[in-house]
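A.B. asks: Sequence below, structure please.
(2 chains)
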Amino acid sequence: AQSVTQLDSQVPVFEEAPVELRCNYSSSVSVYLFWYVQYPNQGLQLLLKYLSGSTLVESINGFEAEFNKSQTSFHLRKPSVHISDTAEYFCAVSLNNDYKLSFGAGTTVTVRA
Amino acid sequence: EAQVTQNPRYLITVTGKKLTVTCSQNMNHEYMSWYRQDPGLGLRQIYYSMNVEVTDKGDVPEGYKVSRKEKRNFPLILESPSPNQTSLYFCASSWQATDTQYFGPGTRLTVL
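C.D. replies: Here you go, the predicted structure:
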């Protein structure tokens, strides 16, 4: 089974500063990659995903993630965060011939004014 | 409105008392899944279903059962709950496993 490692459990950041959330996975076969966000007391929502094609994917609210096959990583970045970005972020991986979805342990981002 | 609903949202029960958490989606999705969320562990998949009458184990299926008799419903059954099943449970649905998953609001279960 594939495993997903989110290297930071907590990331405090000041408003308008950049943020990077790191995600590495272990798989030797092709994968599909996702970032989900969970706002306080809510379910998860898809932020962005990589299935194929361009290795850089973007979300509508300014986040982007880059798939790096050689480093088996899918780090999430935002150049300037807002207070409303305070949430828990989950990286997830699915093998392209499997029905399972594996999540990382999550990274809590706290944005301070 | 497209949504995934779960009931109940909160449940406190005692060890060994059978319970069912219902999950229903109105998007005609084929794929449905159950997860549990625990601090420091993220979400772990319990069971998933590719279509009606087709289910399979996720990473942590022990102590749980599921059924998929209709496309829209995917109940999670705990035949004999134990305290280590105290957790936050999420149901999700999508067209396929690799598509965007739509999550329900969660069910917070406490087993005493």
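A.B. asks: In the chain, which residue is most central in space?
C.D. replies: In the absence of a named chain, chain A is used. In chain A, the residue lying closest to the centroid (C-alpha atoms, centre = their mean) is residue A:35, at 3.6 Å.
A.B. asks: should've been chain B
C.D. replies: residue B:34 (3.1 Å).
A.B. asks: That residue: what's it in contact with?
C.D. replies: Residues near residue B:34 by C-beta atoms under 8 Å, 6 or more residues apart in numbering or on different chains: B:23, B:45-48, B:58, B:64, B:66, B:74, B:76, B:89-92. C-betas here are computed from N, CA, C, even on glycine.
A.B. asks: Include neighbour count when you put the residues you listed into CSV, please.
C.D. replies: Shown next, in CSV, are these (neighbours: other C-beta atoms under 10 Å in any protein chain shown):
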residue, neighbour count
B:23, 24
B:45, 22
B:46, 24
B:47, 23
B:48, 24
B:58, 21
B:64, 20
B:66, 21
B:74, 29
B:76, 22
B:89, 23
B:90, 24
B:91, 29
B:92, 26
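A.B. asks: So which of those residues reach chain A?
C.D. replies: B:45, B:48, B:58, B:90, B:92 (C-beta under 8 Å from any C-beta of the partner chain).
A.B. asks: ok, the residue in chain B positioned nearest to chain A - contacts?
C.D. replies: Across chain B, the shortest distance to chain A (C-beta to the nearest C-beta) belongs to residue B:103, at 3.7 Å. Taking C-beta under 8 Å, 6+ apart as the criterion, residue B:103 is in contact with A:43, A:44, A:45, B:4, B:90, B:91, B:92.
A.B. asks: now the strands for chain A?
C.D. replies: A:3-6, A:10-14, A:19-21, A:23-26, A:31-38, A:44-50, A:56-58, A:64-68, A:73-78, A:87-95, A:102-103, A:107-112 (DSSP state E).
A.B. asks: Could you dump these into TSV and include distance to residue B:13 and mean pLDDT?
C.D. replies: Shown next, in TSV, are the strands of chain A (distance: least, C-beta to C-beta, whole Å; pLDDT from 0 to 100):
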stretch	distance to residue B:13	mean pLDDT
strand A:3-6	31	92
strand A:10-14	32	97
strand A:19-21	36	97
strand A:23-26	36	93
strand A:31-38	25	93
strand A:44-50	25	93
strand A:56-58	42	91
strand A:64-68	40	94
strand A:73-78	37	96
strand A:87-95	27	92
strand A:102-103	26	90
strand A:107-112	29	96
